[in-house]
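Colleague: Turn this into a model:
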Amino acid sequence: MRITGRDATRWNEGSLFDRILVDVPCSSERHLIFDAWKRKAQVNPSQWSPSRCKRYASQQLSILRSAVNAAKPGAVLVYSTCSIASVENEMVIRKLVKKFGSQLEVLDV
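Modeller: Sure, this is the predicted structure:
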């Protein structure tokens, strides 16, 4: 196992890893919605916005691109997020596939 304190969006040490877990930062809107539901209140608009999801999605894609570059051919890469927003999940994966195409096999688990 290798642990670093580097910026994951800028990994450039080549294809080193057989397995990579990418647990990305996300907008956490699921938590905001659940907390509001528990309180029987509205979601505080100052805590969430569509632009927040887009900012996280951009960062997530950068991290995933670096992870693909750090993976050896045939490696397993797992993408994990606590978000329920498609912009931070399916759309990020679509963009990744668009960039790397046949280098990837996407499994919906």
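
Colleague: Quick check: the gap between the residue nearest to S28 when sequence neighbours are not counted and V97.
Modeller: Excluding the flanking residues, the one nearest S28 by Cβ to Cβ, 6 or more residues apart in numbering is C82, at 6.1 Å. (Glycine included, C-beta is placed from N, CA and C.) As judged by Cβ to Cβ, to the nearest Å, C82 and V97 stand 22 Å apart.

Colleague: can you pull out the strands in the chain?
Modeller: With DSSP state E applied, the chain shows strands at 17-23, 71-80, listed in chain order.

Colleague: Tell me where this protein is predicted with low confidence.
Modeller: The model of the chain has pLDDT under 70 over residues 2, 30-37, 43-47.

Colleague: most remote residue from it's center?
Modeller: K40 (29.8 Å; Cα atoms, centre = their mean).

Colleague: I'd say C26 and Q59 touch.
Modeller: No - the pair C26 / Q59 is not scored as a contact, 9.2 Å apart, by Cβ atoms under 8 Å.

Colleague: of the two, who's got more company?
Modeller: Neighbours were tallied for C26 and for Q59 using other Cβ atoms under 10 Å; the higher tally belongs to C26 (22 against 17).

Colleague: which residue sits closest to that one in space, ignoring its chain neighbours?
Modeller: Once flanking residues are discounted, C26 sits nearest to S83: 3.9 Å by Cβ to Cβ, 6+ apart.
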